[in-house]
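Peer 1: sequence first, then the predicted structure, then my questions.
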Amino acid sequence: MKLFLDSANLQDVENALARGHISGITTNPSLLAKEPKANFLGHIKKIVKLIEADGRGLPLSVEVFATKPDEMIAQAQEFVQELAYPGLNIKVPIGWDELKVIYALARLGIKVNCTCIFTEEQCVLAASSGASYVSIFHCRLKDIGGDPVRVIENTRQIFDDAGHSAEIIVGSIRMQTDILEAHLAGGHIVTAGAKILEQMAAHPATDKSVQGFLNDFAGWMS
């Protein structure tokens, strides 16, 4: 069970790295848009520095925002050159023209995280074109009446049977129960926001038990 942090917030990244529970970080244009305006690559470089200071070489996914295939490939190469981080993955949305981008980048030795996925067929196409990760949008799929558990289960079975090396990332997570659901369905990785990951460590019974231990011990010490 691997957890990624889905955030572009520097404090979120620093907090998560300090606790050691995450195995990677994912970002996207919407997450970056929540941060104070700054130079795009300059902000990503700050995230890279935090990851490098952690020392584990965790994977980082950064999404292209160009829309034409040739421009997406050029932008991805720029990211790789400017960031100079071995654990970098370029996020590319699924699409017919985007498969060309995924294939071209994979042939250049650039790792790709194919995102915005809703079906098994999209996962298979992305993996077959060379994506290292396929990102299924869990709750957004629920929003349109889909069954993300079925899609994750089917995709995992297809990948295992075919020997695909791509890993399934499950994103669009809104509750703790989504994380467990996605992992039990066969997702290799779940990426979630900082608040959700923090909530995973809490439980009312834990707080009650800890306070009881402290009260008992205080009585013994007095």
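Peer 2: On my side now, so go ahead. Numbers count the residues shown, from 1 in each chain.
Peer 1: now do the strands in this protein.
Peer 2: Along the chain, the stretches classed as strands by DSSP state E are 2-6, 24-26, 60-63, 88-93, 112-117, 133-137, 167-171, 189-192.
Peer 1: redo those strands as JSON lines? Include distance to Ala33 and mean pLDDT.
Peer 2: The C-beta positions use only the backbone N, C-alpha and C, and glycine is treated the same way. Putting the strands of the chain into JSON lines (distance: least, C-beta to C-beta, whole Å; pLDDT from 0 to 100) gives the following:
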{"stretch": "strand 2-6", "distance to Ala33": "14", "mean pLDDT": "98"}
{"stretch": "strand 24-26", "distance to Ala33": "15", "mean pLDDT": "98"}
{"stretch": "strand 60-63", "distance to Ala33": "12", "mean pLDDT": "98"}
{"stretch": "strand 88-93", "distance to Ala33": "15", "mean pLDDT": "98"}
{"stretch": "strand 112-117", "distance to Ala33": "16", "mean pLDDT": "98"}
{"stretch": "strand 133-137", "distance to Ala33": "18", "mean pLDDT": "98"}
{"stretch": "strand 167-171", "distance to Ala33": "17", "mean pLDDT": "98"}
{"stretch": "strand 189-192", "distance to Ala33": "18", "mean pLDDT": "98"}
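Peer 1: could you export these to TSV, including columns for distance to Leu99 and mean neighbour count?
Peer 2: Converted to TSV, the strands of the chain look like this (distance: least, C-beta to C-beta, whole Å; neighbours: other C-beta atoms under 10 Å):
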stretch	distance to Leu99	mean neighbour count
strand 2-6	24	22
strand 24-26	21	25
strand 60-63	16	24
strand 88-93	9	23
strand 112-117	9	26
strand 133-137	12	26
strand 167-171	18	26
strand 189-192	22	26
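Peer 1: format those as CSV; extra columns: distance to Pro148.
Peer 2: CSV is the format used below for the strands of the chain (distance: least, C-beta to C-beta, whole Å):
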stretch, distance to Pro148
strand 2-6, 16
strand 24-26, 17
strand 60-63, 19
strand 88-93, 18
strand 112-117, 10
strand 133-137, 6
strand 167-171, 7
strand 189-192, 11
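Peer 1: show me the helices in the protein, by range?
Peer 2: Using DSSP state H, the helices found in the chain span residues 10-19, 29-33, 40-54, 69-83, 96-107, 120-129, 138-143, 148-162, 176-185, 194-199, 204-221.
Peer 1: and these, which one's lowest on average pLDDT?
Peer 2: Note on these: helix 204-221 shows the lowest mean pLDDT, a mean of 82.
Peer 1: output it as PDB - backbone C-alpha positions only.
Peer 2: Output of helix 204-221 as PDB, limited to C-alpha atoms (Å, rounded to 0.1, in the frame of the first residue of the first chain):
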ATOM      1  CA  PRO A 204     -11.900   9.400  18.600                       C
ATOM      2  CA  ALA A 205     -11.100   6.200  20.400                       C
ATOM      3  CA  THR A 206      -7.400   6.800  20.100                       C
ATOM      4  CA  ASP A 207      -7.700  10.200  21.700                       C
ATOM      5  CA  LYS A 208      -9.800   8.800  24.500                       C
ATOM      6  CA  SER A 209      -7.400   5.900  25.100                       C
ATOM      7  CA  VAL A 210      -4.300   8.200  25.200                       C
ATOM      8  CA  GLN A 211      -6.000  10.600  27.500                       C
ATOM      9  CA  GLY A 212      -7.000   7.700  29.800                       C
ATOM     10  CA  PHE A 213      -3.400   6.500  29.900                       C
ATOM     11  CA  LEU A 214      -2.100  10.000  30.800                       C
ATOM     12  CA  ASN A 215      -4.800  10.500  33.500                       C
ATOM     13  CA  ASP A 216      -4.000   7.100  35.100                       C
ATOM     14  CA  PHE A 217      -0.300   7.800  35.000                       C
ATOM     15  CA  ALA A 218      -0.800  11.300  36.500                       C
ATOM     16  CA  GLY A 219      -2.700   9.800  39.300                       C
ATOM     17  CA  TRP A 220       0.200   7.300  40.000                       C
ATOM     18  CA  MET A 221       2.800  10.000  39.800                       C
END
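Peer 1: this completes my enquiry, with thanks.
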